[in-house]
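>>> below are the sequence and a predicted model for it; my questions follow.
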Amino acid sequence: MRTDSGTPGTTSGTTSTTMRAIVHDTYGEADGLRLERIERPTIGNDEVLVRVQAAGVDQGVWHMMAGLPYPIRLAGYGFRAPKTRVRGRELAGRVEAVGSGVTTLRPGDEVFGIGEGTFAEYAPAAAGKLARKPVGTTFRQAAALPISGLTALQAVRDHGRVQPGQRVLVIGAAGGVGSYAVQIAKAFGAEVTGVASTGKVDLVRSLGADHVIDYRLDDDLAAGERRYDVILDTGGNRPLRTLRRALTPTGTLVIVGAETGGRWLGGTDRQLRAVALSPFTSQRLGSFLASENAADLVALAELVESGAVTPAVDRTFPLAEAPAAVRYLREGRARGKVVVDV
């Protein structure tokens, strides 16, 4: 959390200089997180200070908290200890202050998007990573949208290039990204099959999936004659050869994530192999890092306002219980998104 990068511009009048936040000083598991009162952050010219109402919990929270896989530390987040003490990046709230260079937002605006250190009462965010909260949504619903929703939108639209009538398979369809991918692919006119565990198949059906596969009963995705034009793997760890068998000869595989627990690659080796193999096959195989930008947040908000997408919020935890929220997510129990209510 920054406290030394400029000063707020226009504010809404709050005078307190401290706030409650969930902090940690060493890499590790959720037990190392604790509630403290710390200094409120200040903002730069192109930044916005948001009074956080709710914060989404995504897998990135754990990666930054644990410092794993190790390349995260080498990327500038802190080699021996985290540079930013406060975790969380997804948020929804009200603009408290804007930097002198911000013209798109003003104090009092209700926004959602991506900030830094959002498990706190106030968080800074780049103005280019915020958009106005979708009309008709609660702050909890809006906080569940930014990272997971953007990732799903870009996976379906930009990398899967889903077209009406195509058969799309979403692996991890009950997860944060997967629950949005199912709905967005349906909005794009696809015939969607979702893969989930036994206790989550009803959720996937409620999201609009045309077919649901319970992987605990039937884990052979290539069984039978059905092949898919697009496969979105949002968190599995199936071998590339298995996924390729389930694709049509000219189909597209988009690997969004993987959680193998490896301390160096953490599953990214499968993405790297897919990218390396793609030029030598008629199938398109690849992965991507989501782009965090306001334009796509607006597109996501429009999908929500149209009724095509509804955030699937499983559980909400109070700020003091943010460590329990992270554990709940990591245990694989979440049906959709987990939210911290600030």
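Right, received. Where do you want to start?

>>> spatially nearest residue to the spatially most central residue of the chain (excluding sequence neighbours)?
Centrality entry for the chain: nearest residue to the mean C-alpha point is Ser148, 2.6 Å, by CA atoms, centre = their mean. Nearest residue to Ser148, sequence neighbours excluded (CB to CB, 6 or more residues apart in numbering): Gly176, at 3.8 Å. In short, each C-beta sits where N, CA and C put it, glycine included.

>>> ok, now Thr248?
Closest to Thr248 by CB to CB, 6+ apart is Arg227, at 4.6 Å.

>>> tell me how many other residues crowd the one you found.
16 (other CB atoms under 10 Å).

>>> mind listing what it touches?
Applying CB atoms under 8 Å, 6 or more residues apart in numbering to Arg227 gives the contacts Arg167, Ala246, Leu247, Thr248, Gly251.

>>> how many neighbours does the first one have?
It stands for Arg167. By other CB under 10 Å, the burial measure for Arg167, its neighbour count, is 21.

>>> so what's it bridging to?
With DSSP bridges as the criterion, Arg167 is bridged to Glu191.

>>> surely it and Tyr228 touch.
Yes: contact status for Arg167 versus Tyr228: in contact at 4.8 Å, counting by CB atoms under 8 Å.

>>> could you work out the end-to-end span of stretch 238-251 for me?
17 Å (CA to CA, to the nearest Å).

>>> quick one on the thing from earlier: can you tell me the SS state at the residue nearest to the centre of the chain?
helix (DSSP: H, G, I helix; E, B strand; the rest coil).

>>> likewise the one 4 residues further on?
Classification of Ala152 by three-state DSSP places it in helix.

>>> now swap in Glu36 and tell me
Under three-state DSSP, the three-state class of Glu36 is strand.

>>> so, low pLDDT: which residues of the chain?
For the chain, the stretches flagged by pLDDT under 70 are 1-15, 68-78, 219-220, 222, 258-267.

>>> and the helices in it, which stretches?
With helices called from DSSP state H, the chain shows them at 59-66, 71-72, 139-143, 146-154, 176-187, 201-206, 240-246, 268-277, 294-306, 322-330.

>>> figure out which of these is closest to Gly101.
helix 294-306 (14.6 Å; CB to CB).

>>> for that closest one, packing partners?
With contacts taken as 3 or more CB pairs under 8 Å, 6 or more residues apart in numbering; DSSP states H and E, helix 294-306 sits against strand 110-114, strand 130-132, helix 146-154, helix 176-187.

>>> just send the ones you listed back as JSON lines, with distance to Leu240 too.
Shown next, in JSON lines, are the helices and strands packed on helix 294-306 (distance: least, CB to CB, whole Å):
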{"stretch": "strand 110-114", "distance to Leu240": "30"}
{"stretch": "strand 130-132", "distance to Leu240": "36"}
{"stretch": "helix 146-154", "distance to Leu240": "20"}
{"stretch": "helix 176-187", "distance to Leu240": "19"}
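
>>> and among the ones you listed, the most buried is which?
helix 176-187 (a mean of 29; mean count of other CB atoms under 10 Å).

>>> would you mind writing the CA trace of it as CSV?
Output of helix 176-187 as CSV, limited to C-alpha atoms (Å, rounded to 0.1, in the frame of the first residue of the first chain):
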residue,chain,number,x,y,z
GLY,A,176,-14.7,-17.5,-10.7
VAL,A,177,-13.6,-17.3,-14.4
GLY,A,178,-15.5,-20.3,-15.5
SER,A,179,-18.9,-19.1,-14.2
TYR,A,180,-18.5,-16.0,-16.4
ALA,A,181,-17.1,-17.9,-19.4
VAL,A,182,-20.2,-20.1,-19.5
GLN,A,183,-22.5,-17.0,-19.5
ILE,A,184,-20.5,-15.0,-22.0
ALA,A,185,-20.1,-17.9,-24.4
LYS,A,186,-23.9,-18.3,-24.3
ALA,A,187,-24.3,-14.6,-24.9
